[in-house]
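Visitor: What follows is a protein structure lacking sequence information:
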């Protein structure tokens with residue numbers, strides 16, 4: 001047979017006697033001994049068998065589902081290499097069986113018979129039990145490790161490096177400060193404790209050419225992550241966030257390793273962060289003062305513009321999010337006065353949409369869209385009816401076979417059930433389309449009725465809540481891009497006088513009445 005080989009190990013610390021190379025060697029020898037031709041080899045390293053989100057496994061299954069699969073069987077070292085979840089094992093082995101593909105465990109020869117499948121199920125249950133217990137053992141071991149003050153993570157925090165220490169017969173991992181990075185961490189905590197804001201700290205670090213943890217520029221988020229991590233005061237905190245650990249109290253171990261900052265300095269930094277933290281309010285309230293929030297984007301860095309109040313709220317601007325959080329060195333985009341920019345956009349929509357001529361044109365466009373949707377629904381219903389007729393006739397022929405005893409009823413039962421399910425699914429799809437047609441009441445819009453509300457719509461755009469006005473604008477404005485003194489309005493449909501979806505204008509021509 002043409003066969004594929006599938007191998008998997010969970011991690012470097014597990015399956016030591018069952019390495020990838022050992023599995024492949026044994027599988028190749030088995031294939032050669034039995035006269036099989038190996039056409040594919042799939043390898044998943046450090047991947048859990050409890051999930052099917054394994055790259056090589058998914059690729060193998062996708063090939064197996066082809067109309068003409070490239071292999072007739074899959075060889076594995078043991079069934080536990082294929083899957084340790086009973087549910088996944090049943091699903092994917094059933095899929096392979098329907099495709100005519102065998103799953104062969106070279107160390108668990110099982111016959112394809114009722115007794116063989118019972119034995120196979122027992123083996124899978126044992127594997128799943130082992131996997132679940134192994135996971136609990138790993139968490140238990142990590143918890144014990146943390147209780148004794150050792151580091152469980154794989155990537156050390158900024159300013160620290162992993163180091164191994166001897167603990168009896170075992171080697172454990174702890175942290176030690178990196179001498180070249182310690183001064184940067186102390187600088188961050190010291191400036192924060194002295195009342196310097198995160199934005200200013202980031203600007204200073206970027207100005208001095210100090211790389212952020214990921215190698216880029218510093219920002220408020222990366223600084224906040226460092227300033228709120230007790231690891232820098234020498235305290236280990238582990239657990240309480242994932243898996244079964246959520247049921248248990250987090251482990252705290254003071255003095256687990258050498259501190260980079262004193263506890264008193266750490267606490268003063270937390271106090272300053274707390275004083276500067278904004279009050280938690282509903283997003284709708286927070287953004288309610290800025291009509292164009294979520295619509296304006298920076299053409300230089302791609303970040304969204306955000307609302308910003310200056311001089312105790314006397315002046316309001318739209319500013320690039322990157323420039324606001326990381327300084328103008330990160331993105332030298334310009335500030336835009338809120339009021340003249342919002343007035344300009346609102347006036348544009350009024351002129352392009354809320355006129356009798358343009359509304360009449362818009363209504364015709366909407367009616368054409370609805371006509372198209374209605375035709376599409378009707379064509380879909382017609383196609384479904386044809387499909388139902390087709391499968392109904394096939395079902396009747398199957399019944400005829402059973403009645404004439406041309407085929408054993410037991411052999412036809414599964415096929416009849418499959419066809420019945422297909423017909424039921426088609427009828428359900430038909431009912432859903434009919435429900436959509438009823439709920440949307442697809443009927444043409446009377447232009448006269450819309451024109452009657454022109455003045456009301458204009459008033460709504462000026463006097464409604466900012467939330468409602470923003471929703472109205474989003475119906476016509478897709479985005480606003482600011483770049484090098486130019487503002488480009490991208491519309492959702494052709495609106496400007498020349499029936500295009502884009503309009504570019506000078507920033508000065510729009511906001512020259514705003515405060516610079």
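Guide: That came in fine, so what should we check first? Model, not experiment: these values are computed from the prediction.

Visitor: Would you agree residue 233 is in contact with residue 262?
Guide: Yes - between residue 233 and residue 262 there is a contact at 7.4 Å, judged by Cβ atoms under 8 Å. Yep, even glycine has a C-beta here, placed from its N, CA and C like the rest.

Visitor: which one of the two has more residues nearby?
Guide: residue 233 (19 against 14; other Cβ atoms under 10 Å).

Visitor: tell me the contacts of the more buried one?
Guide: 259, 261-263, 266 (Cβ atoms under 8 Å, 6 or more residues apart in numbering).

Visitor: again, but for residue 305
Guide: Here residue 305 is in contact with 292, 296-298, 318-321, 336, 482 (Cβ under 8 Å, 6+ apart).

Visitor: Those in helices, which ones?
Guide: Cross-referencing the contacts of residue 305 against helices under DSSP state H gives residue 321.

Visitor: Reformat the contacts of residue 305 as TSV; add pLDDT.
Guide: Shown next, in TSV, are those (pLDDT from 0 to 100):
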residue	pLDDT
292	87
296	91
297	92
298	92
318	89
319	90
320	90
321	86
336	88
482	91
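
Visitor: just curious, which of the contacts of residue 305 is nearest to residue 355?
Guide: residue 292 (22.2 Å; Cβ to Cβ).

Visitor: right, and the closest one touches residue 340 too?
Guide: No - the criterion here is Cβ under 8 Å, and residue 292 misses it with residue 340 at 11.8 Å.

Visitor: Which one's more surrounded, these two?
Guide: Neighbour count, other Cβ under 10 Å: between residue 292 and residue 340, residue 292 has more, with 20 against 15.

Visitor: re earlier: among the contacts of residue 305, who's most crowded?
Guide: Most surrounded of the contacts of residue 305: other Cβ under 10 Å gives residue 320, at 29 neighbours.

Visitor: right, and the helix or strand after the strand or helix carrying residue 377?
Guide: Assigned by DSSP states H and E, residue 377 belongs to helix 356-403. Moving toward the C-terminus from helix 356-403, the next helix or strand (DSSP H and E) is helix 409-440.

Visitor: So this protein: which segments form each domain?
Guide: 2-143, 160-276, 291-353+455-516, 356-444 (automatic domain parsing).

Visitor: Now the shortest one: average pLDDT?
Guide: The reference is to domain 356-444. Average pLDDT, domain 356-444: 75.

Visitor: again, but for stretch 224-233
Guide: 92.

Visitor: What residues sit buried inside it?
Guide: Residues of stretch 224-233 classed as buried: 226-227, 230-233 (neighbour count, 16 or more other Cβ atoms under 10 Å).

Visitor: Could you list which of these belong to helices?
Guide: Reading helices off the buried residues of stretch 224-233 with DSSP H, I get 226-227.

Visitor: Just the pLDDT for residue 265.
Guide: Confidence score, pLDDT, at residue 265: 93.

Visitor: swap that for residue 280, sorry
Guide: The model's pLDDT for residue 280 equals 40.

Visitor: rewinding a little: JSON lines for the contacts of residue 233, including secondary structure?
Guide: Below are the contacts of residue 233 laid out as JSON lines (DSSP: H, G, I helix; E, B strand; the rest coil):
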{"residue": "259", "secondary structure": "coil"}
{"residue": "261", "secondary structure": "coil"}
{"residue": "262", "secondary structure": "coil"}
{"residue": "263", "secondary structure": "helix"}
{"residue": "266", "secondary structure": "helix"}
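
Visitor: Please indicate which of these are buried?
Guide: 259, 261, 266.

Visitor: Now for the second one: which residues touch it?
Guide: Spelled out, it's residue 261. 185-186, 189, 232-233, 269.

Visitor: quick check, nearest of those residues to residue 218?
Guide: Nearest member of the contacts of residue 261 to residue 218, counting by Cβ to Cβ, is residue 185, at 12.4 Å.

Visitor: Can you give me the neighbour number for that closest one?
Guide: 20.

Visitor: Pull the contacting residues for the closest residue to residue 77 other than its chain neighbours.
Guide: For residue 77, ignoring the flanking residues on the chain, the nearest one in space by Cβ to Cβ, 6 or more residues apart in numbering is residue 23 at 4.6 Å. The neighbourhood of residue 23, defined by Cβ under 8 Å, 6+ apart, consists of 7, 9, 77, 81.

Visitor: coming back round to it: could you dump the buried residues of stretch 224-233 to JSON lines with distance to residue 148?
Guide: Output for the buried residues of stretch 224-233, formatted as JSON lines (distance: Cβ to Cβ, whole Å):
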{"residue": "226", "distance to residue 148": "26"}
{"residue": "227", "distance to residue 148": "27"}
{"residue": "230", "distance to residue 148": "18"}
{"residue": "231", "distance to residue 148": "16"}
{"residue": "232", "distance to residue 148": "21"}
{"residue": "233", "distance to residue 148": "19"}
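
Visitor: picking up where we left off before, out of the domains of the chain, which is closest to residue 149?
Guide: Closest among the domains of the chain, using Cβ to Cβ: domain 160-276, at 4.1 Å.

Visitor: ok, residues contacting the strand or helix carrying residue 189?
Guide: In this assignment (DSSP H and E), residue 189 forms part of helix 182-193. Identification of contacts with helix 182-193 by Cβ under 8 Å, 6+ apart yields 158-159, 198, 200-201, 204-205, 210, 223, 226-227, 232, 260-261, 265-266, 268-269, 271-273.

Visitor: If we use 6 Å, what do you get?
Guide: 159, 201, 210, 227, 260-261, 265, 268-269, 272 (Cβ atoms under 6 Å, 6 or more residues apart in numbering).

Visitor: in the stretch 201-350 of the chain, which spans are helices?
Guide: Secondary structure of the stretch 201-350 of the chain (DSSP state H, counting those that start in this stretch): helices located at 220-227, 263-276, 283-286, 321-326, 338-352.

Visitor: Go ahead and confirm residue 27 touches residue 5.
Guide: Yes - with contact defined as Cβ atoms under 6 Å, residue 27 reaches residue 5; the gap is 4.5 Å.

Visitor: any common contacting residues for those two?
Guide: residue 75.

Visitor: closest to residue 469 among the buried residues of stretch 224-233?
Guide: residue 227 (38.5 Å).

Visitor: Next, format the contacts of residue 261 as CSV and append distance to residue 390.
Guide: Shown next, in CSV, are these (distance: Cβ to Cβ, whole Å):
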residue, distance to residue 390
185, 71
186, 76
189, 73
232, 70
233, 72
269, 72
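
Visitor: which two of those lie the greatest distance from each other?
Guide: It's 186 and 233 that sit farthest apart of the contacts of residue 261, by Cβ to Cβ, at 11.9 Å.

Visitor: average model confidence for stretch 176-194?
Guide: Stretch 176-194 comes out at a mean pLDDT of 93.

Visitor: Would you mark the buried spots in it?
Guide: For stretch 176-194, using 16+ other Cβ under 10 Å, the buried residues are 177, 181-182, 184-186, 188-189, 191-193.

Visitor: I'd like the distance between residue 93 and residue 265.
Guide: Residue 93 sits at a distance of 60 Å from residue 265 (criterion: Cβ to Cβ, to the nearest Å).

Visitor: should've said residue 230
Guide: 12 Å.

Visitor: Report the contact partners of residue 395.
Guide: By Cβ under 6 Å, 6+ apart, the neighbours of residue 395 are residue 419.

Visitor: One more pass at 10 Å, please.
Guide: 415-416, 418-420, 422-423 (Cβ atoms under 10 Å, 6 or more residues apart in numbering).

Visitor: again, but for residue 199
Guide: With Cβ under 10 Å, 6+ apart, residue 199 has these contacts: 218-220, 223, 323-327.
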